[in-house]
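Participant: pasting the sequence and the predicted model now:
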Amino acid sequence: MKVDRDERPDVDARYQSAISALSGQGGWPLTGFLLPDGKPFYGGTYFPPDDQGGRPGFRRVLLAVRIPIAISALTSSAPLIPWLTP
């Protein structure tokens, strides 16, 4: 999901607060990973394409977040990606 902070400051504030509480950092650009119910479980302000300067790269982050998403999919009755569900 992409949120324009100028057009939806309410949505931006909600996710800024949540990601800041989870990771100890907030700001822009904000990347948040959400479960199907919309609750964030991980995020940060910037992930370079590859690991650099002690920061995980976006590829590493994507590989890491797939585990909570898979667990959520197995424990939830709601489809994780509704438009891919047969």
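Facilitator: Yes, it's here.
Participant: all contacts plus neighbour counts: C-alpha atoms, from now on.
Facilitator: Will do.
Participant: going along the chain, name the strands of the protein.
Facilitator: Per DSSP state E, the chain has strands spanning 31-34, 40-44. These are given in chain order.
Participant: with mean pLDDT as added columns, please give these in JSON lines.
Facilitator: Shown next, in JSON lines, are these (pLDDT from 0 to 100):
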{"stretch": "strand 31-34", "mean pLDDT": "86"}
{"stretch": "strand 40-44", "mean pLDDT": "85"}
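Participant: got a markdown table for these, with mean neighbour count too?
Facilitator: Shown next, in a markdown table, are those (neighbours: other Cα atoms under 10 Å):
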| stretch | mean neighbour count |
| --- | --- |
| strand 31-34 | 19 |
| strand 40-44 | 19 |
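Participant: now distance to Lys2 too, for the ones you listed, in TSV please.
Facilitator: Converted to TSV, the strands of the chain look like this (distance: least, Cα to Cα, whole Å):
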stretch	distance to Lys2
strand 31-34	9
strand 40-44	13
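Participant: quick one: closest of those strands to Ser23.
Facilitator: With Cα to Cα as the criterion, Ser23 lies closest to strand 40-44 of the strands of the chain, at 6.6 Å.
Participant: find the least confident helix or strand in this protein, judged by mean pLDDT.
Facilitator: Least confident helix or strand of the chain, by mean pLDDT, DSSP states H and E, is helix 58-75 with a mean of 75.
Participant: pLDDT at Leu22, what is it?
Facilitator: The predicted local confidence for Leu22 comes out at a pLDDT of 84.
Participant: tell me how far the residue nearest the centre of the chain lies from Arg14.
Facilitator: Computing the C-alpha centroid of the chain and ranking residues by Cα atoms, centre = their mean puts Phe33 first, at 1.4 Å. The span separating Phe33 from Arg14 equals 13 Å under the rule Cα to Cα, to the nearest Å.
Participant: which one of the strands of the chain lies closest to Glu7?
Facilitator: The closest approach between Glu7 and any of those, judged by Cα to Cα, belongs to strand 31-34 at 17.4 Å.
Participant: describe which strands the closest one pairs with in its sheet and in which direction.
Facilitator: Looking at strand 31-34 with DSSP bridges, its paired strands and their directions are strand 40-44 (antiparallel).
Participant: I'm done for today, thanks for sticking with me.
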